[in-house]
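*Asks:* need a 3D model of the sequence below.
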Amino acid sequence: MIQDIFPSKLYNEYKNIEMGREDFLLIFDNEGKILLGDEDGQIRFLTGEDISGGKIVYLFSVDEKKYFLLAENTNFMKEGFSYYSIRDVRDKFSGKEVYAVFTAYHLQKWYSDNKHCGKCGDILIFDEKERALRCPKCGNVIYPRINPAVIVGVVKGDTILLTRYRRGYGHNALVAGFTEIGETLEETVQREVMEETGIKVKNIRYYKSQPWGMAQDILVGFFCEADGDGSIHMDESELKYAEWVKREDVILQPNNLSLTNEMMRVFKENMI
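*Replies:* Here you go, the predicted model:
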């Protein structure tokens with residue numbers, strides 16, 4: 001999956017430090033696209049040598065390499081670099097750099113969405129001690145938003161429930177959805193499967209989790225079993241496909257980045 005970068009390691013502790021000339025600098029445009037170079041299919045980042053000044057904040061480190069964000073709008077360009085959407089990055093590149101881009105996007109989206117204090121309207125500033133935005137007028141503190149969501153592998157005998165979204169991602173997926181106020185994760189599993197496919201489930205069991213910066217999520221994977229005959233009543237406003245598929249007929253996604261794809265693969269290979 002995208003976070004499986006061993007032996008490399010992500011260090012996400014906040015540090016109030018300045019960017020060096022060889023540190024990586026990430027720049028996003030108003031549409032959330034990131035400026036990257038393509039070096040024989042590998043991501044190439046800008047560095048501190050490419051730009052000076054501006055509102056720059058430390059993001060994280062991968063091993064010994066530090067990543068910083070230019071947290072303001074710019075029209076900066078560099079020869080050999082282009083702006084890519086996060087989906088483009090997912091489809092075009094591979095390696096630990098993709099994980100860095102997704103995680104950076106998560107933080108960039110939070111910074112860009114929180115310019116003013118929600119209590120008094122004053123302009124927020126970077127906190128100097130922790131990963132937070134602070135209001136200098138009323139003292140309100142805002143932390144990065146993380147959205148909990150479930151990925152559900154619903155099993156019936158030797159088949160698994162595969163879906164495809166009506167909009168957006170065009171490959172096979174599993175039932176998924178965000179946790180609502182007052183819900184447990186297990187209740188989210190039950191509700192989302194029922195809402196999307198009309199199927200009741202039982203024997204809900206945790207599989208694995210995944211950070212997913214594309215949507216500022218923490219994805220939580222569960223397997224469960226259909227309770228009853230498994231008749232599908234698909235929500236056509238959300239899905240264009242929902243079918244029971246045998247192990248040998250499961251078609252995986254084109255890359256190994258997502259928790260969804262791993263869950264489909266372990267079912268296909270009879271590993272659960």
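
*Asks:* quick one, what contacts the nearest residue to Ile34 once chain neighbours are set aside?
*Replies:* Taking C-beta to C-beta, 6 or more residues apart in numbering as the measure, Ile34 lies nearest to Phe28, with 5.3 Å between them; neighbours along the chain are not counted. The way it works is simple: take the backbone N, C-alpha and C, and place the C-beta from them, glycine included. Applying C-beta atoms under 8 Å, 6 or more residues apart in numbering, one finds that Phe28 lies in contact with Ile34, Leu35, Leu69, Leu70, Tyr105, Gln108, Ser112.

*Asks:* next: Phe45.
*Replies:* So Phe45 contacts Phe24, Leu25, Leu26, Leu36, Gly37, Tyr67, Glu97 (C-beta under 8 Å, 6+ apart).

*Asks:* next one: it from Val101, what distance?
*Replies:* Distance of Phe45 to Val101, computed by C-beta to C-beta, to the nearest Å: 9 Å.

*Asks:* what touches both of these two?
*Replies:* Common contact partners of Phe45 and Val101 (C-beta under 8 Å, 6+ apart): Leu26, Leu36.

*Asks:* biggest helix in the chain, by residue count?
*Replies:* If you go by DSSP state H, the chain has its longest helix at helix 96-113.

*Asks:* which residues are contacting that one?
*Replies:* Taking C-beta under 8 Å, 6+ apart as the rule, helix 96-113 contacts 2-3, 5, 8, 10, 12, 24, 26, 28, 32, 34, 36, 42-43, 45, 57, 59-60, 62, 67, 69, 71, 86, 89-90, 93, 133, 144-145, 211-214, 216, 257.

*Asks:* cutoff 7 Å now
*Replies:* 2-3, 5, 8, 10, 26, 28, 32, 34, 43, 59-60, 62, 67, 69, 71, 86, 89-90, 144-145, 213-214, 216, 257 (C-beta atoms under 7 Å, 6 or more residues apart in numbering).

*Asks:* quick one on the thing from earlier: the residue nearest to Ile34 and Lys202, how far apart?
*Replies:* Distance from Phe28 to Lys202, by C-beta to C-beta: 44 Å.

*Asks:* where along the chain do the helices fall?
*Replies:* In the chain, the helices defined using DSSP H lie at 86-92, 96-113, 185-197, 259-268.

*Asks:* how about the longest one: buried residues?
*Replies:* Looking back up the chat, that one is helix 96-113. By 16 or more other C-beta atoms under 10 Å, the buried positions in helix 96-113 come out as 96-111.

*Asks:* check contacts around the closest residue to Asn203 other than its chain neighbours.
*Replies:* With C-beta to C-beta, 6+ apart as the criterion, Asn203 has its nearest non-adjacent residue at 4.7 Å, and that residue is Glu225. Residues in contact with Glu225 (C-beta under 7 Å, 6+ apart) are Val155, Lys156, Val201, Lys202, Asn203.

*Asks:* any idea how the chain splits into domains?
*Replies:* 10-113, 115-144, 147-268 (automatic domain parsing).

*Asks:* convert the top strand by length along the chain to PDB, retaining C-alpha atoms only.
*Replies:* Scanning the chain for the strand with the most residues, using DSSP state E, yields strand 201-212. Coordinates of the C-alpha atoms in strand 201-212 are reproduced here as PDB (Å, rounded to 0.1, in the frame of the first residue of the first chain):
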ATOM      1  CA  VAL A 201     -24.100  -7.800   7.200                       C
ATOM      2  CA  LYS A 202     -22.800  -9.800  10.200                       C
ATOM      3  CA  ASN A 203     -19.500 -11.000  11.700                       C
ATOM      4  CA  ILE A 204     -17.800  -7.700  11.200                       C
ATOM      5  CA  ARG A 205     -14.000  -7.900  11.800                       C
ATOM      6  CA  TYR A 206     -11.200  -5.400  11.500                       C
ATOM      7  CA  TYR A 207      -8.500  -6.000   8.800                       C
ATOM      8  CA  LYS A 208      -6.100  -3.000   8.500                       C
ATOM      9  CA  SER A 209      -6.000   0.800   8.300                       C
ATOM     10  CA  GLN A 210      -4.400   3.300   5.900                       C
ATOM     11  CA  PRO A 211      -3.700   7.000   5.800                       C
ATOM     12  CA  TRP A 212      -5.200   8.400   2.500                       C
END
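
*Asks:* run through the strands of the stretch 1-150 of the chain in chain order.
*Replies:* Under the criterion DSSP state E, counting those that start in this stretch, the stretch 1-150 of the chain carries strands at the ranges 10-11, 24-26, 34-39, 42-44, 46-47, 56-62, 65-70, 81-84, 125-126, 133-134, 141-142, 147-156.
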